[in-house]
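Trainee: with the input below, show me the fold.
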Amino acid sequence: MVKELPQRFNPDLLARDGTQFDLVLPQSRLTRLSGILAEDRHEVRITARFSRRKDHIVISGQLTTVYALQCQRCLDPMQLNVDENFELVFVEDDQTALELPKELDPVVLDDYGQIHVVDLFEDELMLHVPDIPKHSDASECQVGPTEYGELPSDVEEGKPNPFNALKDFQLH
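Mentor: Residues are numbered from 1 along each chain as shown. Below is the predicted model of the structure:
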């Protein structure tokens, strides 16, 4: 089992050997993902295996991490545990990706038949960031009573309502 992948790698070579790896990446190294998170202090654990299936090179495995997000209900920090399986198929170009069956997730390699390790896993991790992060249980949100305050002193009592003329208007 390989403990670390090079920055760029050729999946074809790794699939020939059936390479397996266990990789730990700091979230801070994933710039697009860390821009979405409230904090990027956690690590991403990736376990995966390269293989061949018919005419395709496949990587399958598991991603595990914790996202530090801001709850959109109460605006307090929250954590979301991510533990997802993935299976990706490497292809040479966009046309080949379009020809794959719908159940296969393609990853397009660069012109040299390689891919950057961070790009590969960052895309997959971003798919698991919720559109609207919020605590799974509303009782976890510490939303206090809303305070509206006092009316400003310049509001006139008895000022005519501009919509009073509409109350006599009848719709048929």
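
Trainee: would you mark the buried spots in whichever helix in the chain runs longest?
Mentor: Criterion DSSP state H: the longest helix present in the chain is helix 117-126. The neighbour-count check on helix 117-126 (16 or more other CB atoms under 10 Å) flags 117-118, 120-122, 124-125 as buried. From N, CA and C alone the C-beta is placed, and that goes for glycine too.

Trainee: could these go into a markdown table alongside distance to residue 161 and pLDDT?
Mentor: Below are the buried residues of helix 117-126 laid out as a markdown table (distance: CB to CB, whole Å; pLDDT from 0 to 100):
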| residue | distance to residue 161 | pLDDT |
| --- | --- | --- |
| 117 | 66 | 79 |
| 118 | 61 | 84 |
| 120 | 63 | 85 |
| 121 | 61 | 89 |
| 122 | 57 | 91 |
| 124 | 58 | 91 |
| 125 | 55 | 94 |
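
Trainee: and those, which is closest to residue 165?
Mentor: Among the buried residues of helix 117-126, residue 125 lies closest to residue 165 (CB to CB), at 58.9 Å.

Trainee: and the helix or strand containing residue 60 with helix 117-126, angle?
Mentor: According to DSSP states H and E, residue 60 maps onto strand 56-70. Angle, strand 56-70 to helix 117-126, by axes from the mean of the first three to the mean of the last three CA atoms, to 10 degrees: 60 degrees.
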